[in-house]
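Peer 1: When you get a sec, could you give me coordinates for this:
(2 chains)
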Amino acid sequence: MTTEPRTGARTGPATAPEHRPGTEPGPGTDAQGPATAAYGALPAAAEHPDPATAARLATEAILRDTLDGPARGVLVDSPPGAGKSTLVVRAARELAAAGRRLVLVAQTNAQVDDLVDRLAREQPDLPVGRLHSSDPRPYDPVLDGHEHVRTATNLADLAGLDVVASTAAKWAYVAAARAKQGADAERWEHAIVDEAYQMRSDALLSVGGLFERALFVGDPGQLDPFSAVGAEQWSGLAWDPAASAVTTLLAHHPGLPQHRLPVSWRLPASAAPLVSRAFYPFTPFRSGTGPGERRLTFARRSDGSAADRVLDEAAASGWGLLELPAAHTPRTDPAAVAAVAQVVRRLLERDGTTASERGGGALTADRIAVGTAHRDQAAAVRAALARALPREAADAVAVDTANRLQGMEFDVTVVLHPLSGRPDATAFHLETGRLCVLASRHRHACVVVCRAGVPELLDEHPSTEPVQLGAAVKFPDGWEAHQAVLAHLADHRVRA
Amino acid sequence: MVTLARAEAVAAGRATPLATVRHRHLSDRPLVLVPMTAAGEAAAPLGALVGCDRDRPRLLVVPQPRDRDLRFAFLAELAAEVLPYIESYADGPGDDAEADAAGDAPDGTAAGDGDGDGTERAEEPCADAAQLLVPSRAGVEYVRLLGRSMRFRRTAEDDPDTPHPAPPRVPLLGRWLSHYGERARVPGAALLLSATELLARHWATGQSTVEDQHLGALLAWITDGAAAAERAETGRDAEGQLLVPPAGPATDPAFDNRLLAPAMTRFDRARADGDAAALRAAEDAVARLVESRLRPTWDALWRSYDLLRALPAGAHVPGRWLGDRWSFTAHRDRLRAGEPPQPRRDDAVTAARKLAQRERALAELDAQEALDDPLTMAERRLAGQAFVCRTESVEMAYSEGRRPMPRPLVTVVTDDEPHLEDGGKVYRELPGGRTQRALVAGAGEGRVTVQLQDGMGRSRAPAEGSVPEPGDRVVWTLFEHTARRGPALPDPEDTPWTHGSPAGRTAEEPDRVTAEDFL
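Peer 2: Numbering: from 1, shown residues only, chains lettered A, B, ... in the order given. Reported below is the predicted structural model:
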């Protein structure tokens, strides 16, 4: 993974739905009326009883607007695991088939590689360019296996290709070089911007001049972009450089068609309602599978320990909360870390088997993830796993922070609760996106390890972020989302 | 580390040092400004002490802050104090933009402050720049606010028809103060500094960071201990007045109600009566009151200055001050070129450029402070982002290719626990300030092997001193020492459609006069 390191405080307002006190359309705002296929037309498709049909209708509407619509931009909100990558690949193929020259913009190298790889597997004869940096190991070597994927550090070496993919950072260099050449530089007809909610407004500013029209795809519930230095002086401006690209785009073009993907194929029937209610209250979605279609079973019986009981609870209901006695602890709480390691260890020792609509199989270490809020917590968990598991298994379990787990999918996740053992609830720990990422990576079950007393902690720390005039208010706020998740987990509690 | 230092400060009842060197530039001749504002109205100055001489501050007072004419008179006097000081630095090298191009091309560290208005740049920065010191962070905000309130004013010369012309030099002062206020937002910049932030960077107290905004209390923690600090913060005399007045610009309500308000009422009455002698007496009374609140802060600020000057400057401090000098020079040139005042709001490109510049400045500041100061580096070592080691062995190796270059493998022993990955990059500072890069070739059991990548000269044998000898103590960091400059942003005229396309760039109108301006 080559995810950019992200540290520092969160800034910038964020996501839909927008409440913009006191803003008028600024200079340069489109005077477009409401577009043809905006939210208004959507519910009918989204509420179709068959999830597959609902998803298909939504995708068709998106492609119609993208290929033939009058608007310069189309925005797609995608909840976790709703087939965002599939949509991007499909749109890329159709745009290429329609003869449009296309750029693909993603935020990290891993995302770009993943997109190019999927595109090449879906349509092996489509020539695709992968523009990359000159660092060592700039792209995933798997791309070298595709006959029609060409890689280069220089755009000139990719001339003639209709689809070129790279990171926003690399495209910014291309844009700067073209600006130097003069105004006659040719623009691309279309762009697909992936993970647009994780893209900062200033990154979009750098690359916005490269293309005429664009499809923006992203998950509004995940972590917002941020800046390590204060950017309050610009908050409320339509072009606040520290806000997300989508915020800026909608501020200037409020009439853009907005779509959403209505079905999560990743989250099981046990998880989708909670995640939808807690994190996407105004744009609900549902799971693609019904209750009982996903099953997690263990070959070995419970030994009666807390770890085994919480695993049984999670296997049966999709959620498990392993509650440790209340205490104020250091960030790398040794007892909580040990509990996480023990849960993972029992998960493997008990020979789990998963069954789902895709078939099933043994639950192996590489299908398990541990999510934390901080990097030192992840390091502590890794060290504990290295002691508890055979080397191979310990290496296979993905242990990382929410930032780095974004966009990934596992069968079972074990989460160290961001507020566990804390004396205070800061904006960082309360951030909605962080909890949303941690609670929405699993296909089968999620086990949360936490010190008792978090609801009381939340009650003592209501959100106190200052409200900025003109800035979109993030809703629901982290405080409320945390309460919703904890209330649900309380029914699946096992005390250690 | 900071938490530990704070805990130690509580235990010892005295502030603990957080730094072994001074991390900000302090001028030999700073201009100190202690402003005070009237309660209940934004940017209504009540008075100020200003000057470069600690024994002879100039006292400026507005006996009735709601009177706009008196306020303008105050601002004109402030301009008469501050502008000659600033202008004394604006002359000198770099003065003549036509000067020969011998100077180093600006490396962009300063590249202005992101305002980049396309002004022709001077070839050299001013030899030194004017430095403004205020007591607290609120003082920095106040400087920005004063600047904002003045820079769009029109003088009689600008517009003979303007109903309430500002005194001639007031808009110019507004533009300078705006520039200083904006520059203060760049991490590590030192054109405008506050005493509380300077002290809090270099000492940890046992009180909260909010309490650290009280200059008197903060200073007492450092010089006299916790008990004195508490007295400074809360002690009141028999009449209920604070022993140590707050560093402002806001005043203590007890002072406002019991002392200031009656004095102002007397002033208003004398003016209404047209009694010149009483007026002068009332004016003096207000001035004495205001001075009695300002003077302790003035003295505390100079004591802070002395404390900080006693620390040796960090090695990278002059480099950062060079950036401030460039910023100062660039603003001077914009003024000379007759450009309009800084706009009220940044456009999309300027905002993005400033944000990028500040993020770069922050990254460099963090790295440079760590390199300059073992106490700061200790924090990075604890976080696994750096390690101090002793060189154990050096094994020569060469790169493949037509001209093999030295790529020695250096094995070191360390007690630190850095978060290393094979193939990860590490950096160290070479004597002379250049940075050497190396790749991690193996780590474990307190040993790390790194392969040096550069900084060894062009010949087959590495340049002297560029490869550590066995026994050498070396600090390697996992973070880079300089921040890479990102790609250039589009010109404001090329603002893309996603950001609303280029907005018309016209000079801004002066602030409109509203009914509220003249109560």
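Peer 1: Quick check: residues of chain B near chain A?
Peer 2: By CB under 8 Å from any CB of the partner chain, the residues of chain B that approach chain A are B:185, B:187, B:345-349, B:351-352, B:354-356, B:358-359, B:361-363, B:383-384, B:419, B:423, B:486-491, B:494-504. The way it works is simple: take the backbone N, C-alpha and C, and place the C-beta from them, glycine included.
Peer 1: Can you list which of those residues are found in helices?
Peer 2: Among these, DSSP state H puts B:Ala348, B:Val349, B:Ala351, B:Ala352, B:Lys354, B:Leu355, B:Ala356, B:Arg358, B:Glu359, B:Ala361, B:Leu362, B:Ala363 in helices.
Peer 1: could you say what helices and strands the lengthiest helix in chain A packs with?
Peer 2: Looking across chain A with DSSP H, the single longest helix is helix A:51-68. Packing partners of helix A:51-68 (3 or more CB pairs under 8 Å, 6 or more residues apart in numbering or on different chains; DSSP states H and E): helix A:42-46, strand A:73-77, helix A:84-97, strand A:258-260, strand A:263-264.
Peer 1: Please convert those to a markdown table, extending it with distance to chain B, mean pLDDT and mean neighbour count.
Peer 2: Output for these, formatted as a markdown table (distance: least, CB to the nearest CB, whole Å; pLDDT from 0 to 100; neighbours: other CB atoms under 10 Å in any protein chain shown):
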| stretch | distance to chain B | mean pLDDT | mean neighbour count |
| --- | --- | --- | --- |
| helix A:42-46 | 23 | 56 | 16 |
| strand A:73-77 | 7 | 92 | 27 |
| helix A:84-97 | 18 | 92 | 20 |
| strand A:258-260 | 15 | 90 | 23 |
| strand A:263-264 | 28 | 92 | 26 |
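Peer 1: Confirm B:Arg390 sits in a strand?
Peer 2: Yes - the assignment for B:Arg390 is a strand, going by DSSP: H, G, I helix; E, B strand; the rest coil.
Peer 1: what's across from it in the sheet?
Peer 2: B:Val413, B:Arg473 (DSSP bridges).
Peer 1: That one reaches B:Thr411, doesn't it?
Peer 2: No - counting by CB atoms under 8 Å, B:Arg390 sits too far from B:Thr411 to count as a contact (10.3 Å).
Peer 1: pretty sure B:Pro404 contacts B:Ala461?
Peer 2: No - counting by CB under 8 Å, B:Pro404 stays clear of B:Ala461, with 11.4 Å between them.
Peer 1: Just the buried residues of stretch B:229-241, please?
Peer 2: B:Ala229, B:Arg231, B:Ala232, B:Glu233, B:Gln241 (16 or more other CB atoms under 10 Å in any protein chain shown).
Peer 1: meant to ask about stretch B:155-162, not that
Peer 2: Using 16+ other CB under 10 Å as the test for burial, stretch B:155-162 gives B:Thr155.
Peer 1: Work out the gap between that stretch and the centre of the chain.
Peer 2: 35 Å (CA atoms, centre = their mean, to the nearest Å).
Peer 1: how about the CA coordinates for it, as CSV?
Peer 2: What follows is stretch B:155-162, C-alpha atoms only, in CSV (Å, rounded to 0.1, in the frame of the first residue of the first chain):
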residue,chain,number,x,y,z
THR,B,155,-7.6,59.5,2.2
ALA,B,156,-8.6,62.9,1.0
GLU,B,157,-5.9,62.6,-1.6
ASP,B,158,-7.3,59.3,-3.0
ASP,B,159,-10.8,60.7,-3.3
PRO,B,160,-11.5,64.3,-2.4
ASP,B,161,-15.2,63.6,-2.1
THR,B,162,-15.0,60.9,0.5
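Peer 1: From B:Arg309, how far off is B:Thr16?
Peer 2: B:Thr16 sits 20 Å away from B:Arg309, going by CB to CB, to the nearest Å.
Peer 1: mind showing which ranges of the stretch 201-350 of chain B have poor pLDDT?
Peer 2: The stretch 201-350 of chain B contains no residues with pLDDT under 70.
Peer 1: 90 instead?
Peer 2: Applying pLDDT under 90 to the stretch 201-350 of chain B picks out residues B:205-217, B:220, B:223-258, B:260, B:271, B:273-277, B:293, B:333-350.
Peer 1: Can you name the residue of it nearest chain A?
Peer 2: B:Ala348 (3.5 Å; CB to the nearest CB).
Peer 1: Just the endpoints, please. Distance across stretch A:67-79?
Peer 2: By CA to CA, to the nearest Å, the extent of stretch A:67-79 from end to end equals 23 Å.
Peer 1: For the host helix or strand of B:Asp366, name the packing helices and strands.
Peer 2: Element membership for B:Asp366 (DSSP states H and E) is helix B:348-372. The contact analysis (3+ CB pairs under 8 Å, 6+ apart) places helix B:348-372 against helix A:201-207, helix B:317-336, helix B:374-382, strand B:473-477.
Peer 1: quick one: which of these is nearest A:Leu322?
Peer 2: Closest to A:Leu322 of these is helix B:374-382 (CB to CB; 29.8 Å).
Peer 1: who's in contact with that closest one?
Peer 2: With contacts defined as CB atoms under 8 Å, 6 or more residues apart in numbering or on different chains, helix B:374-382 is touched by B:1-2, B:17-20, B:369-371, B:386-388, B:416, B:418, B:475, B:477, B:479.
Peer 1: same check, this time on stretch B:140-153
Peer 2: B:33, B:35, B:37, B:42-43, B:45, B:75, B:132, B:134, B:166, B:170-171, B:173-182, B:184, B:192, B:194, B:248-249, B:341-342, B:344, B:508-511.
Peer 1: Identify each buried residue in that stretch, please.
Peer 2: Buried residues in stretch B:140-153, defined by neighbour count with 16+ other CB under 10 Å: B:140, B:142-153.
Peer 1: now do stretch B:267-276
Peer 2: So for stretch B:267-276, counting by 16+ other CB under 10 Å, buried means B:Phe267, B:Asp268, B:Ala270, B:Arg271.
Peer 1: if we can go back for a sec, I'd like the buried residues of stretch B:140-153 as JSON lines, with distance to A:Pro423 and pLDDT appended.
Peer 2: As requested, these are exported to JSON lines (distance: CB to CB, whole Å; pLDDT from 0 to 100):
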{"residue": "B:Val140", "distance to A:Pro423": "31", "pLDDT": "93"}
{"residue": "B:Tyr142", "distance to A:Pro423": "34", "pLDDT": "92"}
{"residue": "B:Val143", "distance to A:Pro423": "36", "pLDDT": "92"}
{"residue": "B:Arg144", "distance to A:Pro423": "35", "pLDDT": "92"}
{"residue": "B:Leu145", "distance to A:Pro423": "36", "pLDDT": "90"}
{"residue": "B:Leu146", "distance to A:Pro423": "40", "pLDDT": "90"}
{"residue": "B:Gly147", "distance to A:Pro423": "40", "pLDDT": "91"}
{"residue": "B:Arg148", "distance to A:Pro423": "39", "pLDDT": "88"}
{"residue": "B:Ser149", "distance to A:Pro423": "42", "pLDDT": "87"}
{"residue": "B:Met150", "distance to A:Pro423": "45", "pLDDT": "87"}
{"residue": "B:Arg151", "distance to A:Pro423": "45", "pLDDT": "86"}
{"residue": "B:Phe152", "distance to A:Pro423": "47", "pLDDT": "85"}
{"residue": "B:Arg153", "distance to A:Pro423": "49", "pLDDT": "82"}
